[in-house]
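S.K.: after the sequence you'll find the predicted model.
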Amino acid sequence: MIFYTGNQAQPRLEEFLDQVQHEAMRNFYTNRLQDTLAQNAASAAAKGLTEDGLQRLLDDES
């Protein structure tokens, strides 16, 4: 995260606002991805996928 003093931010207000909005969107999409991954992991576990089963799938070169 970038910090500005009031004097630094005033002439660069548009850039500052863009950075703040970008950071907010980045956090939103990060949280969304984490939620999706957690839901997929829960769904896979509910269907019986174990760590060993996952490793076998990842090791399968076919």
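M.R.: Perfect, I can see it now.

S.K.: point out where this protein drops to low pLDDT.
M.R.: Filtered on pLDDT under 70, the chain yields the residue ranges 62.

S.K.: please enumerate the helices of it.
M.R.: Using DSSP state H, the helices found in the chain span residues 6-9, 13-46, 51-59.

S.K.: contacts for the shortest one?
M.R.: Contacts to helix 6-9, defined as C-beta atoms under 8 Å, 6 or more residues apart in numbering, come from residues F16. C-betas here are computed from N, CA, C, even on glycine.

S.K.: offset the numbering so it begins at 23, please.
M.R.: New numbering, starting at 23: the last item is helix 28-31.

S.K.: how close does N53 sit to M47?
M.R.: 11 Å (C-beta to C-beta, to the nearest Å).

S.K.: ok, back up a step: tabulate the helices of the chain (TSV), appending mean neighbour count.
M.R.: Formatted as TSV, the helices of the chain follow (neighbours: other C-beta atoms under 10 Å):
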stretch	mean neighbour count
helix 28-31	9
helix 35-68	11
helix 73-81	9
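
S.K.: any idea which residue sits dead centre in this structure?
M.R.: T52 (2.0 Å; C-alpha atoms, centre = their mean).

S.K.: how much space separates that residue from A46?
M.R.: Look at T52 and A46: by C-beta to C-beta, they are 11 Å apart.

S.K.: shared neighbours of these two, anything?
M.R.: With contacts taken as C-beta under 8 Å, 6+ apart, T52 and A46 have no neighbour in common.

S.K.: tell me if I'm right that Y26 and E37 touch.
M.R.: No - applying C-beta atoms under 8 Å, one finds Y26 not in contact with E37, separated by 9.4 Å.
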